[in-house]
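>>> Show me the folded form of this:
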Amino acid sequence: MRLKLILRYPVDIRRARRILEGRSDPARRYPGRPLVLDLRTPQLMFDCGRHFQSIAYYASRVGSATYVRCGDLLLGGISRKQFGGEMLAQPYVYHLPSDHPIPNDALVLGDYEPNAQDRQEFASGTTYLRMLIGRDIDRTIPVMPYPMHPATLRTFDQCDLPEMRGNQDDRRAILFAGSQKARYGDSWMLREFGILSRLEVIETLKSAYGDRIESTLRDARQSRPIVILDSQSVGIPAQSWLAALSQARFFLCCPGGRQPLCHNLIEAMSVGTIPLIEYGDRITPKLCDGETAICFRGRQGLTDAIKRNDAMSAED
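Numbers count the residues shown, from 1 in each chain. Next up is the predicted model:
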């Protein structure tokens, strides 16, 4: 990753400077407590900058500007990422060179363990949290939940979450909607994390419950349908995504491509749709089987989980 950053640096830094050109410090327009992403490594850039964009968005919602404090090499790398570049383009985001001081009273999210010298350089009132992504589990350190997809965030302000959460009586379906490209079926998930890949989860359900599989959520024929939608052929527009999730009783939380956590878990829970999940222990706090999720392990565990769901009353 570091070598790629160096090789791409001339193009990437020009892109970053074009994005930030003429940008003034947004502190006057966003007078809330400053948020600083203090970055020294590219380890949080693996997923197209989704975490960065999500953090900056929520900070802006409470009136805080986001400062990205890093060197030019990392800044160029962030701008290259699709959602990293989109984050830098927001009016509430500002770049601080790595040798510039951190604003007073800032909440600092960093990717390193600060030493004594680092702490001496922190401004008055600074709170520092080392930030990990969900792929790296360390229960002694706050782990950033996998964020909503940036496309969902763009329409989030128009969503009525209380109404979506209250829509429980008509929910029947188990739903999965997402990409089923071949890369979601390789052995990486089992080898690195000990869980089924996305395509293995879908294949297991189709094999065990093929007569219940539906390809539409709205007019499902079964009393308790299992709806599996491939986003490559049956895409749900971003502005309709949360509303579609709110029509299902359970969401089948298939893993992502390179780590278990995927944005669909957070989005499903936001509208009161219950996760059916193999990796509920990978978020903080952990999801509890029978309380906040239906948890399973392996192929047999998945088929047994469907039987458990079938036996549950609406009240349960």
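
>>> and stretch 181-194, which residues are buried?
Tyr184, Gly185, Met189, Phe193 (16 or more other Cβ atoms under 10 Å). The way it works is simple: take the backbone N, C-alpha and C, and place the C-beta from them, glycine included.

>>> Where does pLDDT dip in the stretch 101-250 of the chain?
134, 142, 220 (pLDDT under 70).

>>> can you give me the strands for it?
Counting by DSSP state E, counting those that start in this stretch, the stretch 101-250 of the chain has strands at residues 107-110, 127-130, 174-178, 213-214, 226-230, 250-252.

>>> just these: most buried one?
Most buried of the strands of the stretch 101-250 of the chain, by mean neighbour count (mean count of other Cβ atoms under 10 Å): strand 250-252, with a mean of 25.

>>> centre of the chain versus that strand, how much separation?
Offset of strand 250-252 from its chain centre (Cα atoms, centre = their mean, to the nearest Å): 16 Å.

>>> what's the answer for stretch 54-69, then?
A distance of 16 Å separates the centroid of the chain from that of stretch 54-69, by Cα atoms, centre = their mean.

>>> Pull up the distance across that stretch, start to finish.
In stretch 54-69, first residue to last residue: 17 Å (Cα to Cα, to the nearest Å).

>>> Pull up the gap between Arg218 and Arg171, please.
Separation of Arg218 from Arg171 (Cβ to Cβ, to the nearest Å) stands at 13 Å.

>>> Tell me the residues that contact both of the two, please.
Jointly contacting Arg218 and Arg171 under the rule Cβ atoms under 8 Å, 6 or more residues apart in numbering are Gln247.

>>> who's more crowded, these two?
Arg171 (16 against 9; other Cβ atoms under 10 Å).

>>> Other residues contacting stretch 7-16?
So stretch 7-16 is contacted by Leu5, Asp72, Leu73, Leu75, Gly76, Gly77, Ile78, Ser79, Arg80, Gly85, Leu88, His95 (Cβ under 8 Å, 6+ apart).

>>> so what's the last one up against?
This means His95. His95 makes contacts with Ala16, Leu20, Arg23, Tyr67, Val68, Arg69, Cys70, Leu75, Leu88, as judged by Cβ under 8 Å, 6+ apart.

>>> Please apply the same query to the fifth one.
Neighbouring residues of Gly76 by Cβ under 8 Å, 6+ apart: Leu5, Arg8, Tyr9, Val11, Asp12, Ile13, Arg15, Ala16.

>>> part of a helix, is it?
Yes. Counting by DSSP: H, G, I helix; E, B strand; the rest coil, Gly76 is found in a helix.

>>> can you pull the buried residues of stretch 258-272?
Neighbour-count burial for stretch 258-272, counted by 16+ other Cβ under 10 Å, picks out 259-272.
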